[in-house]
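[1] what's the 3D shape of this:
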Amino acid sequence: MLMVLGKAGAGATGAGALALGKAGVVAAAAGVVAVSFVTTVTLGTFAASGTAQGAANNLPLSSGSVPAAYQPLIQKWGTLCPEITPPMLAAQLYQESGFDPSARSPAKAYGMAQFLEGTWAVYGTDGDGDGKADIWNPADAIASAASYDCALAKDVAQVPGDKQSNLLAAYNAGPYAVIKSDGVPPYAETQGYVRSIKALARSFTAPTATLPVILSAQSSGAIYYAQTKLGTPYLWGGEGLPSQDGRFDCSGLTQAAYASVGITLPRVANDQWYAGEHPSRDQLRPGDLVFFANDLSDPRSIHHVGIYVGGGYMIDAPHTGAVIRYDTIDQKGYIGATRVTSDGAQALPQRGTDGSITAPNAPGQGAAKS
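    Alright, predicted model coming up:
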């Protein structure tokens, strides 16, 4: 019988939940060899080595995109096999838990990588060498997430097409679905998951000198919207609603500005941080979002955001008692900027009122999970 071990994400159903779907039932009835057995065997090879497989996939993480305590671990384990990269691994961990090592989901998935206990029993890896694979230990969770990815990559290694896309599809729909489809299966949920992780990975990749610097129509529209709000009094929690007399807080303003050009951003600043690539200070262009944090080594401490307009200035809603205005970006706590893109924004998970993260393509919606 074909058995695909489950792995649930941080939301009510989770981004990485794997189940025996329609494709798996067909395979089981036909007596197909269990691909999960191959996964279990290959896992030991990757986890035991604990070494990078080569330099080609050793893409550097963007500064400030990952909490500093986890950056060396993600950089190391993100090169465990050629099919993954540190930014891709970071994107998965962010989508699963927002880098929260104490995350719990209603699906009973635990830790930063959101493993089910049964799955952890097979894939749990002792990442820090203390003799124990602890689901709550970030070092072990990060190592286990990478090892799990690489095991899946091995399962679908003979499938044609992009190796990383096939791996991500296997993570979402199970290896058999990828093998049966000769690539990413035609499930909207799975295709969406592949797109989301690849888009989100760009937010974790260090910018290159070739990052485009032209001003987009969407950036111009967002700036124009913010300019129409100059002089509006600040309101904590403000989203510009009539019931709020059209007032905003900092992330409410940036959210509304980009909504005016058809891009939906999350509500809070430290989630908006991941809506695209992170240009360096000398690559800033009008329309980029600029961010400020209490701890420059931890993006989870981001507390303020504005819209860059050029010349070292931004439009922002600063604080209670102030109005929306032009401010310099050269002030304490500047952590960096984000070049918002449509696909980057669409890839972002949603944060519930309790702070939990729900992926935009959570299992339970596609044919593979029915």
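[2] tell me the SS of the most centrally placed residue in the chain?
    The structure's the chain has its C-alpha centroid closest to Ala91; by C-alpha atoms, centre = their mean the separation is 3.4 Å. When classified by DSSP: H, G, I helix; E, B strand; the rest coil, Ala91 comes out as helix.
[3] quick one: the strands in this structure?
    For the chain, the strands defined by DSSP state E cover 109-110, 115-116, 276-277, 289-293, 302-310, 313-316, 325-328, 334-340, 350-351, 357-358.
[4] which residues does the nearest residue to Gln272 once chain neighbours are set aside contact?
    Spatially, and ignoring its direct neighbours in sequence, Gln272 is nearest to Leu265 (5.0 Å; C-beta to C-beta, 6 or more residues apart in numbering). To be clear about C-beta, it is placed using only N, CA and C from the backbone, and glycine gets the same treatment. Residues near Leu265 by C-beta atoms under 8 Å, 6 or more residues apart in numbering: 251, 254-255, 258-259, 271-272, 275, 340, 345, 348.
[5] and the residues you listed, which is closest to Val309?
    Of all these, the one sitting nearest Val309 is Thr254; the distance, using C-beta to C-beta, is 12.6 Å.
[6] hang on, isn't that closest one packed against His304?
    No - contact criterion C-beta atoms under 8 Å: Thr254 and His304 do not qualify, at 10.2 Å.
[7] any idea how far Cys81 is from the closest residue to Leu167 other than its chain neighbours?
    Closest residue to Leu167 apart from its sequence neighbours, by C-beta to C-beta, 6+ apart: Ala153 at 4.4 Å. Ala153 is 6 Å from Cys81, where distance means C-beta to C-beta, to the nearest Å.
[8] try Gln218
    Where Cys81 is concerned, Gln218 sits at a distance of 37 Å (C-beta to C-beta).
[9] more neighbours, those two?
    Cys81 (25 against 18; other C-beta atoms under 10 Å).
[10] can you count the residues close to Pro160?
    As a burial measure, Pro160 scores 8 neighbours (other C-beta under 10 Å).
[11] which residues touch the residue nearest to Leu167?
    81, 83-84, 163, 166-167, 170.
[12] neighbour-wise, which of Thr254 and His304 wins?
    Shown here are Thr254 and His304; by other C-beta under 10 Å, Thr254 has more neighbours (30 against 24).
[13] against Pro207, how distant is that one?
    Taking C-beta to C-beta, one finds Thr254 at 20 Å from Pro207.
[14] quick check: the residue lying closest to Gly231 once chain neighbours are set aside vs Arg247, distance?
    Take Gly231 and drop its neighbours on the chain: the residue closest to it by C-beta to C-beta, 6+ apart is Val323, 5.2 Å away. In this view, Val323 and Arg247 are 9 Å apart by C-beta to C-beta.
[15] and if you look at Lys76?
    Taking C-beta to C-beta, one finds Lys76 at 46 Å from Arg247.
[16] do Pro82 as well
    51 Å.
[17] who has more neighbours, these two?
    Ranked by neighbour count (other C-beta under 10 Å), Pro82 and Arg247 place Arg247 first, with 21 against 15.
[18] find me the pLDDT at that one, would you?
    Arg247 is assigned 97 on the pLDDT scale.
[19] do the same with Ala107
    Listed pLDDT for Ala107 reads 88.
[20] what about Lys108, how many residues nearby?
    Neighbourhood size, Lys108 [other C-beta under 10 Å]: 11.
[21] ok, it to Glu117 distance?
    Using C-beta to C-beta, Lys108 is found at 7 Å from Glu117.
[22] Gly333 now?
    Counting by C-beta to C-beta - Gly333 and Glu117 are separated by 40 Å.
[23] which residue of the two possesses the greater neighbour count?
    Gly333 (14 against 11).
[24] you'd agree that one is up against Phe292?
    Yes - Gly333 lies in contact with Phe292 (C-beta under 8 Å); the separation is 3.9 Å.
[25] got the contact list for Ile335?
    Applying C-beta under 8 Å, 6+ apart to Ile335 gives the contacts 64, 291-293, 296, 299, 302.
[26] please enumerate the helices of the chain.
    22-30, 35-49, 71-77, 86-97, 117-123, 138-155, 163-173, 175-181, 188-203, 217-228, 250-259, 269-272, 342-346 (DSSP state H).
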